[in-house]
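Asks: please find the sequence and the predicted model below.
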Amino acid sequence: MTRPLLFLDADGVLNPLDPHPDAGFTAHTVLGYRVLLADRHADWLNELAGTYDLVWATTWEEEANLHLAPLLGLPELPVVRFNGYVAQPDDPKVPLMELLSARKWAPLLRYARGRPFAWVDDCIPPRLVRRSLLRRDRLLMAIDPVEGLERYHVDRLLNRPPAARRFRRARRPGE
């Protein structure tokens, strides 16, 4: 059985904008930017790695492996390429008002190639979240960028991981 993918954004998810002062984040300077990371996120990601194949789905791309993964104690992870992605004729159509926030959608679907997946990001269009509710093979979790990833998100990911879609076989007469 194929394990589901967990597409992981960095900014707003692992690097929140303004977490509570007692939340245990440490400030780092990475590529000239202030990045807030927490040991609890490292623990949670290692826990999630028991169920999911973790994949960076961040505009940091390879920089996430070079700079963020070591700070979080993560191994090098596969990366979804967004920068320079060329739209394909069979990419899903996205409404004009959602072009910016949904720009990751086609590359994620292409990367998954039909595998079940969860996607945690602070910028998922609500329409995509609603549509994913009807699918067992996708779990989209929009994260509040102020606080970032919380324990209840991890619990949801662990308690109901996406599963492969099951297609019902048409019944034959007499069955």
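Replies: Thanks, I have the structure now. This structure is a prediction, so every number in the text was calculated from the model and none was measured.
Asks: which elements pack onto the worst-scoring helix or strand of the chain on mean pLDDT?
Replies: Within the chain, no helix or strand scores below helix 126-132, which has a mean of 83 by mean pLDDT, DSSP states H and E. Secondary-structure packing of helix 126-132 (3 or more Cβ pairs under 8 Å, 6 or more residues apart in numbering; DSSP states H and E): strand 138-142. Where C-beta positions appear, they are placed from N, C-alpha and C, glycine not excepted.
Asks: how far does the strand it packs on sit from the chain's center?
Replies: 8 Å (Cα atoms, centre = their mean, to the nearest Å).
Asks: residues of that strand that come out buried?
Replies: Neighbour-count burial for strand 138-142, counted by 16 or more other Cβ atoms under 10 Å, picks out Arg138, Leu139, Leu140, Met141, Ala142.
Asks: identify each buried residue in the helix or strand just after that strand, please.
Replies: Sequence order places helix 151-159 as the next helix or strand after strand 138-142, per DSSP states H and E. For helix 151-159, the neighbour count (16+ other Cβ under 10 Å) marks His153, Val154, Leu157 as buried.
Asks: and the second one, what does it touch?
Replies: In this case it means Val154. Trp44, Glu47, Leu48 (Cβ atoms under 8 Å, 6 or more residues apart in numbering).
Asks: for it, give its distance to Cys123.
Replies: Counting by Cβ to Cβ, to the nearest Å, the gap from Val154 to Cys123 is 20 Å.
Asks: one more: the last one?
Replies: Using Cβ to Cβ, we find Leu157 at a distance of 18 Å from Cys123.
Asks: where in this structure is pLDDT low?
Replies: 1, 84-102, 165-175 (pLDDT under 70).
Asks: now the helices: where do they sit in it?
Replies: Under the criterion DSSP state H, helices of the chain are mapped to 39-48, 62-63, 69-72, 105-112, 126-132, 151-159.
Asks: looking at these, spot the one closest to Thr2.
Replies: Nearest of those to Thr2, taken as Cβ to Cβ: helix 105-112 at 10.5 Å.
Asks: remind me what that closest one packs against, helices and strands.
Replies: strand 5-8.
Asks: how far does the strand it packs on sit from its chain's centre?
Replies: Mean C-alpha position of strand 5-8 versus that of the full chain (Cα atoms, centre = their mean) differs by 4 Å.
Asks: against which helices or strands is that strand packed?
Replies: Going by 3+ Cβ pairs under 8 Å, 6+ apart, strand 5-8 lies up against strand 53-56, helix 105-112, strand 117-121.
Asks: direction included, what does it pair up with?
Replies: With DSSP bridges as the test, strand 5-8 is paired with strand 53-56 (parallel), strand 117-121 (parallel).
Asks: which one of these is the most hemmed in?
Replies: Across those, averaging neighbours per residue (mean count of other Cβ atoms under 10 Å) puts strand 117-121 on top, at a mean of 24.
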